[in-house]
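Enquirer: mind folding the following:
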Amino acid sequence: MKEHKHVLIALGWYDHRLHRGIERYAQEHGWYLSANPAREKVIPWGWQGDGILAWLGPSDELAEFVECQERPTVDFSFRRPELPLPRVLEDHKAAAELVAEHFLARGFAHFMFYSDAPDWSHEERGSGFVAALEQRGCSCTWIKWQESPESRNSSGLWKRKHAWLAAQLKQVPKPLALFAASDQLALDALESCKSAGLAVPDQVAIVGAENCLLAPDTMETPISSVDTNLELLGYRGASLLDDCMSGKASPAEPVRIPPAGLIVRKDSLGKHPDAIKALVAAHVRATKRLQEDKALWLAEANTRFGVDPSVLAAAAGNMELAWDMDEAFVRRLAALGARMKSLGMIEREPDYAALVDARFVTDFRDK
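Expert: Next up is the predicted model:
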């Protein structure tokens, strides 16, 4: 009988999508999962098992616990680079490049990045955004709340933070393209724009990160956001831990998971159709280039996802690179959804007709 592996999930930062990716891998491979729902507040001293999936945050006690276990461990965070752990991380640089391309396609010439803490992920997003714009001959203002004098007094912090942000936004040229380090900071920017009398998105266009806003399409002004692919992050981290528990060598560098895409809200689609068409055109060109060179896209998949090249080559016949979305595409999508539901991978199927908006692809194809 195959022995089940016992894996502890010890996350100093939580997102349900990360959990879902881990859960999916565990179901596929017969793991027993022990979750730590207290998230650092109660450290599971005395736990015994085969491996740990951790998100090491500011808690020294959680980091000490992980080190003391002497079990294979994969960390989803780069908060503690001094610990020699294999890591699977979001590709913040790629996410920032995606946002930069989005803004540039819409013709913006003035850019800003907003962060409020010395967090490693915020630093990577900001540095990536600035670098991507500099490569295109554009400059970017980076405002950091944590470095402002106003942030040093905790009294009335929320009100002073929004007043400071409104002042920063008012003094820069318009129209402005603002990339916020997180969706919560994007909401800060939206509220500050409202108090400053700045129209969103006409005077200030805002994009957040992590795609974790609640009911975004019901907002008076919906905010676009980068989906950082947290479910794949969890799945790939579990896969790497499985390799480590089996005695395989860990990669020397962190495995980076690319973003799933930029989630553009209906408001942006309606107001900027030409920019969206430009993004579709860029996707068409990239897809056709990869279709022409199978070795290139297999190498790209290996680099992006860390999957063994021999596995990719064996599975290539079952994978499809495509940009077109016609009725046949929707039928294939529906068949895949039905199959995923039958396997218990999803609870319900979406409305496929509402899910797929092929207007821009159709316009491009008909030209």
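
Enquirer: CA atoms for contacts and neighbours, from now on please.
Expert: Noted.

Enquirer: so where's the longest helix in the protein?
Expert: helix 273-292 (DSSP state H).

Enquirer: how far is that helix from where the chain is centred?
Expert: 21 Å (CA atoms, centre = their mean, to the nearest Å).

Enquirer: dump that helix to PDB, keeping only the CA atoms.
Expert: Only the C-alpha atoms of helix 273-292 are listed here, as PDB (Å, rounded to 0.1, in the frame of the first residue of the first chain):
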ATOM      1  CA  PRO A 273     -11.500  49.600 -26.800                       C
ATOM      2  CA  ASP A 274      -8.500  50.500 -29.000                       C
ATOM      3  CA  ALA A 275      -6.100  49.900 -26.200                       C
ATOM      4  CA  ILE A 276      -7.600  46.400 -25.500                       C
ATOM      5  CA  LYS A 277      -7.400  45.600 -29.200                       C
ATOM      6  CA  ALA A 278      -3.700  46.600 -29.200                       C
ATOM      7  CA  LEU A 279      -3.200  44.100 -26.300                       C
ATOM      8  CA  VAL A 280      -5.000  41.400 -28.300                       C
ATOM      9  CA  ALA A 281      -2.800  42.100 -31.300                       C
ATOM     10  CA  ALA A 282       0.300  41.700 -29.200                       C
ATOM     11  CA  HIS A 283      -1.000  38.400 -27.800                       C
ATOM     12  CA  VAL A 284      -1.700  37.300 -31.400                       C
ATOM     13  CA  ARG A 285       1.800  38.100 -32.500                       C
ATOM     14  CA  ALA A 286       3.400  36.300 -29.500                       C
ATOM     15  CA  THR A 287       1.200  33.200 -29.900                       C
ATOM     16  CA  LYS A 288       2.000  32.900 -33.600                       C
ATOM     17  CA  ARG A 289       5.700  33.200 -32.900                       C
ATOM     18  CA  LEU A 290       5.500  30.400 -30.400                       C
ATOM     19  CA  GLN A 291       3.300  28.300 -32.700                       C
ATOM     20  CA  GLU A 292       6.000  28.500 -35.300                       C
END
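
Enquirer: which strands and helices lie in contact with it?
Expert: Here helix 273-292 touches helix 92-105, helix 294-305, helix 359-366, going by 3 or more CA pairs under 8 Å, 6 or more residues apart in numbering; DSSP states H and E.

Enquirer: now the angle from that helix to helix 92-105?
Expert: When axes from the mean of the first three to the mean of the last three CA atoms, to 10 degrees is applied, the directions of helix 273-292 and helix 92-105 differ by 130 degrees.

Enquirer: the most centrally placed residue in the chain and P254, how far apart?
Expert: With distances taken as CA atoms, centre = their mean, the residue of the chain nearest its centroid is T228 (0.7 Å). According to CA to CA, to the nearest Å, T228 and P254 sit 16 Å apart.

Enquirer: wasn't I206 part of a strand?
Expert: Yes. According to DSSP: H, G, I helix; E, B strand; the rest coil, I206 belongs to a strand.

Enquirer: burial check on the residue nearest to D119 when sequence neighbours are not counted, number of neighbours?
Expert: Excluding the flanking residues, the one nearest D119 by CA to CA, 6 or more residues apart in numbering is R79, at 7.8 Å. Using other CA atoms under 10 Å, R79 is surrounded by 15 other residues.

Enquirer: isn't R79 up against L56?
Expert: Yes. Assessed by CA atoms under 8 Å, R79 is found in contact with L56 at 6.6 Å.

Enquirer: strands of the stretch 1-150 of the chain, start to end?
Expert: Here the stretch 1-150 of the chain has its strands, by DSSP state E, counting those that start in this stretch, at 6-11, 32-35, 51-55, 73-75, 88-90, 110-115, 141-144.

Enquirer: would you mind saying which of those lies nearest Q203?
Expert: strand 110-115 (10.7 Å; CA to CA).

Enquirer: quick one: the closest one to helix 92-105, angle?
Expert: Using the same axes, to 10 degrees: strand 110-115 against helix 92-105 is 150 degrees.

Enquirer: list the buried residues of strand 110-115.
Expert: 110-115 (16 or more other CA atoms under 10 Å).

Enquirer: again with stretch 95-110
Expert: Within stretch 95-110, the residues scored as buried using 16+ other CA under 10 Å are 95-106, 108-110.

Enquirer: and the contacts of that stretch?
Expert: Outside stretch 95-110, the residues that touch it by CA atoms under 8 Å, 6 or more residues apart in numbering are 125-126, 128-129, 132-133, 138-140, 173-177, 179, 207, 226, 228, 258-259, 261-262, 272, 274-276, 278-279.

Enquirer: could you rerun that using 6 Å?
Expert: For stretch 95-110, the external contacting residues (CA atoms under 6 Å, 6 or more residues apart in numbering) are 125, 128-129, 132, 176, 259, 275.
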